[in-house]
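# Here is my input; please provide its structure:
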Amino acid sequence: MTKLAVEFAGIKAKNPVFTASGTCGFGRELNEIFPIDKLGGMMLKGTTLQPRLGNPTPRVAEAPSGVINCVGLQNPGLQNVLEQQLPWVLQHDLAVLQNIAGSEPAEYAELAAALDKVPGLAGLEVNISCPNVRAGGMAHGADPKLAAAVVSAVREATKLPVVVKLTPNVTDIGEIAKAVEAAGADAVSLVNTFLSMVIDVKRRRPLLGNVMGGLSGPAIRPIAVRMVWQVRQSVKIPIIGMGGIETGEDALQFMMAGASAVAVAAATMVNPLAPLHIIDELAAWLEQEGVTDINEIIGAAQPRDLQ
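Numbers count the residues shown, from 1 in each chain. Presented below is the predicted three-dimensional model:
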């Protein structure tokens, strides 16, 4: 029988397919379409200490082979997440990671300390890479020292596995990965969206309410695979790969580049069943190729001395 289960950074999942933060909220709506227990896990909607309304509209624009968003971390705030969201989603059989965001290290630490007390939470995803907020966000993730400061603060505040979400909007993503690894990260997730812009030519003004937004979808996939490949060569901690994954073959590319698991984002907007199709396609490929354990393919495309 083919084994799809993975374990990385102290996180156990029945299969390597997660949904990415910000795409499926806290799982309630997705659970109306299919049982979320079938997923390997979910990275939940990013939370901040206080509720956030997000950016002005319009927040979404179509792009060739992708979508640009500038939602701006709209969320109900930590207290609501603790009291209403997590108790519901943690009833389900999957690995749940809560994404957290702040404007300074102390805010991240406060979030981590509060979530550290939640039974059953598999880990934290530390968002230092959102391109759609004016304070913190991508600024933390683009500077190795700032990134390390946030991760160090979180590491001191929690015993949960700490996964750091990296921005692709940097010159050398491997340098940022090394900095967060040294600061205590247990794993990294990449990539977040690419800073983008659309002009409304009739109005002669930027289309999005925030002027710029983040590009996701299949347009970014080859770049994301390249970045996972590079980060695998830069650090020893595990990687969760994401960026335009729509099919099982897409997921295989990320895993062969070095990811221990993958996360599906924009594809769920087009087809909410996409994560299930990817799981089925992974199982079918493994059986076809005679591979009994999906862990055997992690990093398979890397140079032999790094496998």
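# and the closest residue to Asp116 other than its chain neighbours, how many neighbours?
In this structure, Asp116 finds its nearest non-sequential neighbour in Thr158, 4.1 Å apart by Cβ to Cβ, 6 or more residues apart in numbering. (Glycine included, C-beta is placed from N, CA and C.) The burial count assigned to Thr158 is 20, neighbours taken as other Cβ atoms under 10 Å.
# Let me see the contact set for Thr158.
Taking Cβ atoms under 8 Å, 6 or more residues apart in numbering as the contact definition, Thr158 lies against Ala112, Ala113, Leu115, Asp116, Leu124.
# For those, which entry has the maximal number of neighbours?
For the contacts of Thr158, the largest number of neighbours (other Cβ under 10 Å) sits with Leu124, at 25 neighbours.
# Show me the residue at the heart of this protein, geometrically.
What sits nearest the mean C-alpha location of the chain, by Cα atoms, centre = their mean, is Ala20, with 4.6 Å.
# wait, that residue sits on Ala261?
No: counting by Cβ atoms under 8 Å, no contact exists between Ala20 and Ala261, whose distance comes to 11.1 Å.
# ranges for the strands of the stretch 151-300 of the chain?
Using DSSP state E, counting those that start in this stretch, the strands of the stretch 151-300 of the chain run over residues 162-165, 187-190, 194-197, 199-200, 205-206, 212-216, 239-242, 261-264.
# partner strands of the third one, parallel or antiparallel?
Yep, that's strand 194-197 we're talking about. Here strand 194-197 is paired, per DSSP bridges, with strand 212-216 (antiparallel).
# So what touches the partner strand?
59-61, 63, 66-70, 130-132, 192-198, 206, 243-244, 265-266.
# List buried residues within those residues.
59, 61, 66-70, 130-132, 192-196, 198, 206, 243-244, 265-266 (16 or more other Cβ atoms under 10 Å).
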